[in-house]
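Asks: Provided below for reference: sequence and predicted model.
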Amino acid sequence: MQAMRTIQTVDSDHISLKIPKAFMKRSLEIIIMPLDESKPVVKASPTWPKDFFAKTAGCFAAEPLVREHQGEYEVRDILQ
């Protein structure tokens, strides 16, 4: 499913949206609701940030990950 998201500050009682060509001649659902200003807007990135792997590779090298004891398996009654 393709989706389009836009955030605009509205100064009048009209807004204008540029619709992608893939949406032409199709039924669209348009939902308009106020943005909660207390929550930061998270924008999806289509790619990894530049140098992401170079900066994060081996970050646990000094502290090896250890899986702690998981406890004993719970014995349950058999369902009939």
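Replies: Received it, and whenever you're ready, just let me know what you need.

Asks: quick check on Cys59: phi, psi?
Replies: In this entry, Cys59 is assigned phi and psi values of phi -70, psi -20 (degrees, to the nearest 10).

Asks: quick check: it vs Arg67, distance?
Replies: Note on Cys59: its distance to Arg67, by C-beta to C-beta, to the nearest Å, is 18 Å. Where you see a C-beta, it was placed from the backbone N, CA and C, and this is true even at glycine.

Asks: quick one: the helices in the chain?
Replies: With DSSP state H as the definition, the chain shows helices at residue ranges 52-56.

Asks: show me the shaky parts of it.
Replies: Filtered on pLDDT under 70, the chain yields the residue ranges 38-45.

Asks: show me where it has its strands.
Replies: Secondary structure of the chain (DSSP state E): no strands located.

Asks: which one's more surrounded, Cys59 and Arg67?
Replies: A side-by-side neighbour count of Cys59 and Arg67, using other C-beta atoms under 10 Å, places Cys59 first with 8 against 5.

Asks: from Phe53, how far off is the more buried one?
Replies: 11 Å.

Asks: give me the common contacts of the two.
Replies: By the contact definition C-beta atoms under 8 Å, 6 or more residues apart in numbering, Cys59 and Phe53 are jointly contacted by no residue.

Asks: so what's the residue count around the residue nearest to Leu17 when sequence neighbours are not counted?
Replies: Nearest-residue entry for Leu17: Thr6, 6.5 Å, with adjacent residues in sequence omitted and distances by C-beta to C-beta, 6 or more residues apart in numbering. For Thr6, the neighbour count with other C-beta under 10 Å is 7.
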